[in-house]
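[1] My questions are about this predicted structure, shown below with the sequence.
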Amino acid sequence: MPPGSLLEVWLDPGEPIEQVPDSLTMEGYHIESIDDRQEFFSLKVRRPH
(Lines give C-alpha, C1' and ligand atoms only; values in the text may rest on other atoms or scores of the structure.)
Protein backbone atom coordinates (compact mmCIF):
# COMPACT_ATOMS: atom_id res chain seq x y z
CA MET A 1 0.00 0.00 0.00
CA PRO A 2 1.67 3.26 -1.10
CA PRO A 3 2.18 6.08 1.41
CA GLY A 4 -0.85 8.37 1.65
CA SER A 5 -3.26 5.61 0.56
CA LEU A 6 -6.67 5.23 2.17
CA LEU A 7 -7.76 1.81 3.43
CA GLU A 8 -11.20 0.79 4.69
CA VAL A 9 -11.16 -1.85 7.43
CA TRP A 10 -14.24 -3.57 8.86
CA LEU A 11 -14.07 -4.35 12.58
CA ASP A 12 -16.34 -6.25 14.92
CA PRO A 13 -17.81 -4.46 17.94
CA GLY A 14 -16.13 -4.89 21.31
CA GLU A 15 -12.41 -5.40 21.68
CA PRO A 16 -11.46 -4.95 17.97
CA ILE A 17 -12.99 -1.47 17.63
CA GLU A 18 -11.70 -0.53 21.09
CA GLN A 19 -8.09 -1.62 20.43
CA VAL A 20 -7.30 -1.34 16.70
CA PRO A 21 -7.75 2.43 16.18
CA ASP A 22 -5.43 3.21 19.11
CA SER A 23 -2.83 0.73 17.85
CA LEU A 24 -2.91 2.20 14.34
CA THR A 25 -2.59 5.75 15.70
CA MET A 26 0.44 4.72 17.79
CA GLU A 27 2.04 3.35 14.59
CA GLY A 28 1.58 6.70 12.83
CA TYR A 29 -1.58 6.03 10.81
CA HIS A 30 -4.30 8.70 10.58
CA ILE A 31 -7.89 7.62 11.34
CA GLU A 32 -10.07 9.41 8.76
CA SER A 33 -13.42 8.13 10.05
CA ILE A 34 -15.17 5.49 12.13
CA ASP A 35 -18.72 4.63 11.08
CA ASP A 36 -21.07 2.35 13.04
CA ARG A 37 -22.70 0.09 10.43
CA GLN A 38 -24.82 -1.73 13.06
CA GLU A 39 -23.24 -5.21 12.66
CA PHE A 40 -19.67 -3.94 12.24
CA PHE A 41 -17.62 -0.74 12.24
CA SER A 42 -16.09 0.77 9.10
CA LEU A 43 -12.72 2.33 9.86
CA LYS A 44 -11.02 4.49 7.19
CA VAL A 45 -7.28 4.73 7.73
CA ARG A 46 -4.65 6.74 5.84
CA ARG A 47 -1.13 5.35 5.60
CA PRO A 48 1.55 7.82 6.70
CA HIS A 49 4.02 9.30 4.21
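    Right, received. Where do you want to start? Residues are numbered from 1 along each chain as shown.

[2] quick one: secondary structure of residue 13?
    coil (DSSP: H, G, I helix; E, B strand; the rest coil).

[3] Now do the closest residue to it other than its chain neighbours, the pLDDT please.
    Using CB to CB, 6 or more residues apart in numbering and skipping the chain neighbours, the partner closest in space to residue 13 is residue 41 (6.8 Å). For every residue, glycine as well, the C-beta is placed using N, CA and C. Note on residue 41: pLDDT of 98.

[4] Tell me what residue 41 is bridged to.
    Beta-bridge partners for residue 41, by DSSP bridges, are residue 11, residue 36.

[5] Do I have it right that it meets residue 34?
    Yes: because the distance of 6.0 Å satisfies CB atoms under 8 Å, residue 41 is recorded as touching residue 34.

[6] List the residues that contact the residue nearest to the spatial centre of the chain.
    The chain has residue 43 as the residue nearest its centroid, 3.9 Å off, counting by CA atoms, centre = their mean. Shown in contact with residue 43 (CB atoms under 8 Å, 6 or more residues apart in numbering): 8-11, 17, 20-21, 31, 33-34.

[7] Relative to residue 48, which of those is nearest.
    Taking CB to CB as the measure, residue 48 lies nearest residue 31 of the contacts of residue 43, at 11.8 Å.

[8] Do you know the pLDDT at the closest one?
    Value for residue 31, per-residue pLDDT: 98.

[9] Not counting sequence-adjacent ones, nearest residue to it?
    Nearest residue to residue 31 in three dimensions, chain neighbours excluded: residue 21, at 5.4 Å (CB to CB, 6+ apart).
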